[in-house]
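Peer 1: Fold the following, please.
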Amino acid sequence: MEFTEVVRKRRMVRHFTADPVEPATMQRVLQAALRAPSAGFTQGQSFVVVTRPDLKERLAQLAGEEHYTTSGFDPFISEAPVLVIPCVSEAAYHHRYQEPDKLSTDGAEIHWPVPFWYMDIGCSVMLLLLAVVNEGLAAGFVGIPQPEHTDACKALLNLPEEVMPVGIIPIGHPAPDRRSPSLKRGHKPKQEVIHYEQWGSEK
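Peer 2: Predicted structure coming up:
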């Protein structure tokens, strides 16, 4: 599939068939996600792949699936044949930037202008979502809304203390789904979001 077609077809899907996803397909998808950049080549991103029905049900609860179903959506988290939980370790970045080749001239760790670890896991997630489309599959994304639910997710998946799950990605074969009502907002005009040389300047 051409890259532009992959980008055009990517959207958040909220309903899946019961058809399984081949393990070899998931390996290709995950391999693509590992190609994401990371500050200092820290590689602080990681993924947990879940297919066990009991774990999927519990993760769906922690992600607030009931809120979606009572709003008219399908139980797209628990029904998806595969859930991928993208994770990131902030501690890994601090450790990396305390190594000799990354210390500032005064011997201290750099000041982080933005939390690059979230930038990096976002890049990984997007590559994964595009790879899913390239395989002829579909995916969604949900956050874990409550801090206590994040803690429960970490315990459920036996994540190390420093590893943070940033959401849940259901993956499977798409079924007809209800689109998000937020899409009615439409895309912003390009001149509002693309600026040349300075903010507010059009080409």
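Peer 1: could you point out which element follows the longest helix anywhere in the chain?
Peer 2: The longest helix of the chain (DSSP state H) is helix 116-134. Where DSSP states H and E defines the elements, the next helix or strand beyond helix 116-134 is strand 138-139.
Peer 1: Show me what that next one is packed up against.
Peer 2: Counting by 3 or more Cβ pairs under 8 Å, 6 or more residues apart in numbering; DSSP states H and E, the packing neighbours recorded for strand 138-139 are helix 116-134, strand 169-172. Placement of C-beta: from N, CA and C, glycine included.
Peer 1: Pick the most deeply packed of the ones you listed.
Peer 2: strand 169-172 (a mean of 26; mean count of other Cβ atoms under 10 Å).
Peer 1: what's the spacing between that one and its chain's center?
Peer 2: Relative to the centre of its chain, strand 169-172 is centred 10 Å away, using Cα atoms, centre = their mean, to the nearest Å.
Peer 1: which other residues reach that strand?
Peer 2: For strand 169-172, contacts defined as Cβ atoms under 8 Å, 6 or more residues apart in numbering pick out 13, 16-17, 19, 21, 26, 29, 76-77, 79-86, 125, 128-129, 132, 137-142.
Peer 1: which residues in the chain form strands?
Peer 2: With DSSP state E as the definition, the chain shows strands at residue ranges 45-50, 82-89, 138-139, 163-165, 169-172.
Peer 1: who's in contact with Met1?
Peer 2: With Cβ under 8 Å, 6+ apart, Met1 has these contacts: 9, 133-134.
Peer 1: try 6 Å
Peer 2: Residues in contact with Met1 (Cβ atoms under 6 Å, 6 or more residues apart in numbering) are Asn134.
Peer 1: going forward can the numbers begin at 47, since that is how I track them
Peer 2: Shifting the count to begin at 47 puts that one at Met47.
Peer 1: buried set for stretch 193-213?
Peer 2: By neighbour count with 16 or more other Cβ atoms under 10 Å, stretch 193-213 contains the buried residues 195-196, 198-200, 202-203, 205, 209-213.
Peer 1: Which of the residues you listed sits closest to Lys102?
Peer 2: Distance to Lys102 across the buried residues of stretch 193-213 (Cβ to Cβ) is lowest for Leu202, with 10.8 Å.
Peer 1: So the residue lying closest to the closest one once chain neighbours are set aside versus Glu207, what's the distance?
Peer 2: Setting aside the residues directly before and after it, Leu202 is nearest to Arg104 in space (Cβ to Cβ, 6 or more residues apart in numbering), at 5.9 Å. From Arg104 across to Glu207, the span is 20 Å (Cβ to Cβ, to the nearest Å).
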